[in-house]
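Student: Got a sequence here, can you model it:
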Amino acid sequence: MFDLGFGELLVIGIVALIIVGPKDLPVLFRNVGRFMGKARGMAREFSRAMNEAADESGVRDVAKSLKTATNPVGSAMDGVKDAAKSMTSFDPDSETGKLAKERDDARKKIEANAARKAAERKQREAEDAVRRAEELEASLKADEGGAPAEGDTKA
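Tutor: Just a heads-up that it's a prediction; the model follows:
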């Protein structure tokens, strides 16, 4: 409402302290606060009354229709949203509902099959890794058996 910064408020406070005096200053600030509260309450009540009058006269409906008329993309998007909402809400007993159930069942079968194949692949990879580790351990033992151990020296 009023654009008062800290500096202006400080000057007002100092002037009030000089004019009113330190004894009556709290009473003055209390009365100013009450006045500001009443002024805000009256402004709030006025705004509420104006909004109610606008609602009763249909100004909001006119403003909404003007807003949609000036923003055709927004109204087109609202139409698309409404169409998408009507497409996603269907009766489970209708043909669309039956097809949706069949597709959902097929999706579940595909997911289960993909999970099974992935598990089999991981199991094969694990078996290959174990086999490879056993081969490496066997070759390590063979290398240790043929080579002299540390500390064994033939003189």
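Student: so which strand or helix has the residue most central in space within the chain?
Tutor: Residue closest to the average C-alpha location in the chain (Cα atoms, centre = their mean): Lys81, at 20.0 Å. Using DSSP states H and E, Lys81 sits in helix 72-88.
Student: packing partners for the very next helix or strand once past that helix?
Tutor: Downstream of helix 72-88, the next assigned helix or strand under DSSP H and E is helix 95-146. Where contact means 3 or more Cβ pairs under 8 Å, 6 or more residues apart in numbering; DSSP states H and E, helix 95-146 is not packed against any helix or strand. For every residue, glycine as well, the C-beta is placed using N, CA and C.
Student: Report how many residues lie close to Leu28.
Tutor: Residues near Leu28, counting by other Cβ atoms under 10 Å, number 14.
Student: With adjacent residues omitted, what lies nearest to it?
Tutor: Once flanking residues are discounted, Leu28 sits nearest to Val20: 5.2 Å by Cβ to Cβ, 6 or more residues apart in numbering.
Student: And that neighbour, how far from Glu144?
Tutor: 102 Å (Cβ to Cβ, to the nearest Å).
Student: Compare those two and say which one has the larger neighbour count.
Tutor: Val20 (14 against 10).
Student: Tell me how far that one lies from Val32.
Tutor: Val20 is 11 Å from Val32, by Cβ to Cβ.
Student: quick one: secondary structure of Lys23?
Tutor: Secondary structure, DSSP: H, G, I helix; E, B strand; the rest coil: Lys23 is coil.
Student: Angles on the backbone of it, please.
Tutor: For Lys23, the backbone dihedrals (degrees, to the nearest 10) come out as phi -70, psi -40.
Student: And it, how far from Leu17?
Tutor: Applying Cβ to Cβ to Lys23 and Leu17 gives a distance of 11 Å.
Student: Look at the two and report which has more neighbours.
Tutor: Neighbour count, other Cβ under 10 Å: between Lys23 and Leu17, Leu17 has more, with 12 against 7.
Student: in which helix or strand would I find that one?
Tutor: Take DSSP H and E as the rule and Leu17 turns out to sit in helix 6-20.
Student: Can you list the helices and strands that that helix packs against?
Tutor: helix 25-57.
Student: any idea how far the next helix or strand after the helix it packs on is from the chain center?
Tutor: Remark: after helix 25-57, the chain's next helix or strand is helix 59-70, criterion DSSP H and E. Distance of helix 59-70 from the chain centroid (Cα atoms, centre = their mean, to the nearest Å) equals 30 Å.
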